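Visitor: 3D, please:
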Amino acid sequence: MAGTIFFRERTKVEEGEKKPRFSVVAIAGADVKFKSKHVRRNELEQIAAAVGAELVELKVEGKGHKLADADRPAHD
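Guide: The predicted structure is shown next:
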């Protein structure tokens, strides 16, 4: 198995900023360690190619992970 690297776009980086836009969330089946918290897409692609891993981008819905009040499950 070649492995999979799961990553997502950071929510606090705006378009056009010169900061790394992606965070690595998880790694499955690949022997690789990341020393940086945030990376650029081309860096991820180069790392994945070097270790033979697949890249999977996780989609971020809205701002962050918190549910809006309307989306929260009702408690009895």
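
Visitor: Kindly state the pLDDT recorded for Ala68?
Guide: As summarised for this prediction, Ala68 has a pLDDT of 54.

Visitor: hmm, I was thinking of Val24
Guide: 87.

Visitor: Same question for the one 4 residues further on.
Guide: Ala28 is assigned a pLDDT of 91 by the prediction.

Visitor: what's the spacing between the nearest residue to it once chain neighbours are set aside and Phe22?
Guide: Ranked by Cβ to Cβ, 6 or more residues apart in numbering and with sequence neighbours excluded, the top spatial neighbour of Ala28 is Thr4, at 4.7 Å. All C-beta atoms are positioned from the backbone trio N, CA, C, and that covers glycine. Counting by Cβ to Cβ, to the nearest Å, the separation of Thr4 from Phe22 is 15 Å.

Visitor: do the same with Lys33
Guide: Using Cβ to Cβ, we find Lys33 at a distance of 17 Å from Phe22.

Visitor: Mind checking which of the two has more residues around it?
Guide: Phe22 (18 against 6; other Cβ atoms under 10 Å).

Visitor: need the contact list for that one.
Guide: With contact taken as Cβ atoms under 8 Å, 6 or more residues apart in numbering, Phe22 is in contact with Phe7, Arg8, Glu9, Arg10, His38, Val39, Arg40, Arg41, Leu44.

Visitor: avg pLDDT for the helix or strand Phe7 falls within?
Guide: Assessed by DSSP states H and E, Phe7 sits inside strand 4-9. Strand 4-9 comes out with an average pLDDT of 90.

Visitor: Now the element after that strand, going C-ward?
Guide: With elements assigned by DSSP H and E, the helix or strand that comes after strand 4-9 is strand 22-28.

Visitor: Show me what the next helix or strand after that next one pairs with in its sheet, parallel or antiparallel.
Guide: Using DSSP H and E, the helix or strand that directly follows strand 22-28 along the chain is strand 38-39. Here the strand partners of strand 38-39, with direction, are listed using DSSP bridges: strand 22-28 (antiparallel).
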